[in-house]
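Got a sequence here, can you build the structure:
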Amino acid sequence: MKVLVTGGAGYIGSHAVADLCDKGHEVTVFDDLSLGLRENVDERAAFVRGSTLNPDDLEKALGNSYDAVMHFAAWKAAGESMLKPEKYSRNNLVGTINLLNAIVRHGVKMFVFSSSAAVYGYPKYLPVDENHSLDPINYYGFTKLEIERILRWYSVLKDLRFAALRYFNAAGYDVRGRVRGKEKNPANLLPIVMEVAAGSRERLEVYGDDYETRDGTGVRDYIHVNDLASAHVLALDYLSEKNRDLTVNLATGIGFSVLEVIAKAREVTGREIPYTIVDRRPGDPAELVATSNIAQKLLGWEVKHSDLETILSSMWSVYRED
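Okay, here's the model as predicted:
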């Protein structure tokens, strides 16, 4: 298939592009490089620099009669979204609407969307499944949920088949070493741990140690980026073969606390990784883990690389070069 990948130079998008190319798809990456890195674009893929906020850029990019679009282009820092909702409204909401209107005009029939576990908000039960209530607690999660709702309308009104993939905590780097460029300005725990280990950051701040968890720190479900990428390719196959919409979690069902992550990172890197306990952040649940039974059943998806040691080792292979 001919696939356009927005945000395909970004962290998750670049891994999905590599897998798409491996499967023989004809891939074009569309990215403004505000967060992505040109060096992370697979050499087998074409590259078009452009923004979903510029309708002219989209018109030019979509002139090649694509079968499908994978949409990764978004701002994704939950904390920042609460301070700058206008930024997230413009890029995540307006940009996606621009993209959807453009692909409908050009006859694209399949859309794979990078959604988020942030659509759920505080977990009312664990593990979280797809029947959980949808009540985002940050503006980033709100934008992802609104896009899912828009997709359902476009499915009915414009015959656009979509897959919405709700990630939990994406982590790791390509186990085959195809993607080496580090994320710009990471806000998530694991890349910050790696920066401390590599010496580019002095210490780590741990937000709260008084949660009702086994060691008092927050527990999260980490999913390796290679496992995420494989799910996107499988979701595209599903849309093509079944002609049916899909909304699924992508997670492992296993949680690790912040202190457990730091301990394992010390073991993997051989570095001290100093940290300071600070106040909790507003909106952080104590624990968040999820089931992916539907993805396993409908897509045949398997988690292969998401044990904590593989995640951290694959990251250290990139960050230790600092």
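
Least confident secondary structure element in this protein?
helix 78-83 (a mean of 90; mean pLDDT, DSSP states H and E).

other SSEs contacting that one?
helix 85-88, helix 139-158 (3 or more CB pairs under 8 Å, 6 or more residues apart in numbering; DSSP states H and E). C-beta coordinates here come from the backbone N, C-alpha and C atoms, glycine included.

deepest of the ones you listed, which one?
For the helices and strands packed on helix 78-83, the largest average neighbour count (mean count of other CB atoms under 10 Å) is found in helix 139-158, namely a mean of 18.

Residues touching that helix, excluding its own?
Defining contact as CB atoms under 8 Å, 6 or more residues apart in numbering, one finds that helix 139-158 is touched by 74-78, 80-82, 85, 88-89, 92-93, 96-97, 100, 104, 111, 113, 115-116, 118-121, 134, 136, 160-162, 164, 245, 247.

Can you tell me which of these end up in strands?
Residues of the contacts of helix 139-158 located in strands (DSSP state E): 111, 113, 115, 116, 161, 162, 164, 247.

check contacts around the third one.
It stands for residue 115. 144, 147, 148, 164, 165, 166, 167, 247.

Kindly recompute the last result at 7 Å.
With contacts defined as CB atoms under 7 Å, 6 or more residues apart in numbering, residue 115 is in contact with 144, 148, 164, 165, 166.

One more: the second one?
Each residue near residue 113 by CB under 7 Å, 6+ apart is listed here: 71, 147, 151, 162, 163, 164, 165.

does it have beta-bridge partners, and which?
residue 71, residue 164 (DSSP bridges).

and residue 42, that's in a helix?
No - per DSSP: H, G, I helix; E, B strand; the rest coil, residue 42 lies outside any helix segment and is coil.

how near is it to residue 172?
In this view, residue 42 and residue 172 are 18 Å apart by CB to CB, to the nearest Å.

Three-state assignment for residue 28, please.
Applying three-state DSSP: residue 28 is strand.

beta partners for it?
Note on residue 28: beta-bridge partners residue 4, residue 46, judged by DSSP bridges.

Local confidence estimate at it?
Looking at residue 28, its pLDDT reads 98.

what's the burial count for it?
20 (other CB atoms under 10 Å).

Same question for the one 10 residues further on.
Residue 38 has 12 neighbouring residues, counting by other CB under 10 Å.

picking up where we left off before, would you mind checking the contacts of helix 139-158 for buried ones?
Among the contacts of helix 139-158, the ones that count as buried by 16 or more other CB atoms under 10 Å are 74-78, 80-81, 88-89, 92-93, 96, 100, 104, 111, 113, 115-116, 118-121, 136, 160-162, 164, 245, 247.

can you give me the helices for the stretch 151-300 of the chain?
In the stretch 151-300 of the chain, the helices defined using DSSP state H, counting those that start in this stretch lie at 189-198, 225-242, 258-269, 293-299.

In the shortest one, which of the residues would be classed as buried?
Along helix 293-299, the positions that meet the burial threshold by neighbour count (16+ other CB under 10 Å) are 294, 295, 298, 299.

outside of the following helix or strand past it, which residues touch it?
Moving toward the C-terminus from helix 293-299, the next helix or strand (DSSP states H and E) is helix 308-319. Helix 308-319 is contacted from outside by 171-173, 175, 180, 182, 190, 194-195, 197-198, 222, 224, 256, 264-265, 268-269, using CB under 7 Å, 6+ apart.

closest to residue 277 out of the helices and strands packed on helix 78-83?
helix 139-158 (25.3 Å; CB to CB).
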